[in-house]
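Enquirer: A structural model of the following input is requested.
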Amino acid sequence: MMHGLLEIFEQIKQSLSSQREGIDFMAAIFPTIKAIQAAITLGTGCSLGPEGPSVDIGKSCANGCAEMMENNRERRIALVAAGSAAGIASGFNAAVAGCFFAIETVLRPLRAENSPPFTTAMIILASVISSTVSNVLLGEKAAFIVPTYELKSAAGILLYSDYFWC
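Expert: Numbers count the residues shown, from 1 in each chain. Just a heads-up that it's a prediction; the model follows:
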C-alpha cells in the first residue's frame, strides 16, 4: 500500500478519472481503516515518518466525504487538499505550513482556471481550524519529554563525538 504523497496523487488521479453516481460506502469506511492502520503501526513501535499519519488521515477523511457527497471532480480535489492541509496543521501545529503543503503538492498539478472558487480560502480555513482545535484539545506541551542526559565520565564524550560523526 502506498503512503504519503504518492497516495495523495493516486487519489487525485482516481478523482479525475471517475465520475460516480450515488453514495460510495467504502469511501466512508476507508478513513477509519487508515486511522486504525496508523494507530496499530505507531502503537507497535514502527515508523510512518513525520508527516505520514497526519496527512494520511486528514486526506482520507476529506476524500471519503468528497466521494460520498460531491460529484464535481475539481471540488473533490479541493476537499482532498483541504484535508491534507488540516492534517499537516494539526500534526505539527503549523497552519501556514499546512496551507503551503496543500497548495504545492495537491493543487499544483491543477491549472488555476480549473480550480473551483474559494479553494484557497477553504484550504486556509481548514488549516487554521485544525490547528486551533488540536491546540485546544492537546495543548502546547510536547507529547513526551525527552530526559536530559548527564555525562558521568569522560568516556561518554568520546562515545557521543563518535556517534555524531557517523
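
Enquirer: if I pick the closest residue to Glu74 other than its chain neighbours, what's in contact with it?
Expert: Spatial nearest neighbour of Glu74, excluding adjacent residues (CB to CB, 6 or more residues apart in numbering): Pro116 at 5.0 Å. In this view, the C-beta of every residue, glycine as well, is placed from N, C-alpha and C. Contact analysis of Pro116 by CB atoms under 8 Å, 6 or more residues apart in numbering lists Asn72, Glu74, Arg75, Ala78.

Enquirer: Look at Glu150 and give its secondary structure.
Expert: Under DSSP: H, G, I helix; E, B strand; the rest coil, the three-state class of Glu150 is coil.

Enquirer: one step back: give me the pLDDT for the residue nearest to Glu74.
Expert: Model confidence at Pro116, given as pLDDT, is 76.

Enquirer: residues touching the closest residue to Thr132 other than its chain neighbours, list them.
Expert: Distances taken as CB to CB, 6+ apart place Ala95 nearest to Thr132, at 8.0 Å, with adjacent residues excluded. The contact partners of Ala95, by CB under 8 Å, 6+ apart, come to Ala89, Ile124, Ser127, Val128, Ser130, Ser131, Thr132.

Enquirer: Now, those that are in helices?
Expert: Ala89, Ile124, Ser127, Val128, Ser130, Ser131, Thr132 (DSSP state H).

Enquirer: so what's the spatially closest residue to the second one that is not a sequence neighbour up against?
Expert: Going back to what we said before, that points to Ile124. Closest residue to Ile124 apart from its sequence neighbours, by CB to CB, 6+ apart: Cys99 at 5.5 Å. Contacts for Cys99 (CB under 8 Å, 6+ apart) come out as Ala85, Ala89, Ile123, Ile124, Ser127.

Enquirer: What is the neighbour count of the second one?
Expert: Put plainly, it is Ala89. Neighbours of Ala89 under the rule other CB atoms under 10 Å: 31.

Enquirer: returning to what we had before: top of the ones in helices among the contacts of Ala95 by neighbour count?
Expert: Ala89 leads the ones in helices among the contacts of Ala95 on contacts (other CB under 10 Å) with 31 neighbours.

Enquirer: ok, and the closest non-adjacent residue to that residue?
Expert: Gly98 (3.4 Å).

Enquirer: In which helix or strand does the one you found reside?
Expert: Following DSSP states H and E, one finds Gly98 within helix 95-101.

Enquirer: and that helix, what's its mean pLDDT?
Expert: Rounded mean pLDDT across helix 95-101 is 91.

Enquirer: got the CA positions of that helix in PDB?
Expert: Extracted C-alpha coordinates of helix 95-101, given in PDB (Å, rounded to 0.1, in the frame of the first residue of the first chain):
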ATOM      1  CA  ALA A  95      -1.400  26.300  10.000                       C
ATOM      2  CA  VAL A  96       0.700  28.200   7.400                       C
ATOM      3  CA  ALA A  97       2.800  25.100   6.600                       C
ATOM      4  CA  GLY A  98      -0.400  23.100   6.100                       C
ATOM      5  CA  CYS A  99      -1.600  25.700   3.600                       C
ATOM      6  CA  PHE A 100       1.600  25.700   1.600                       C
ATOM      7  CA  PHE A 101       1.800  21.900   1.700                       C
END
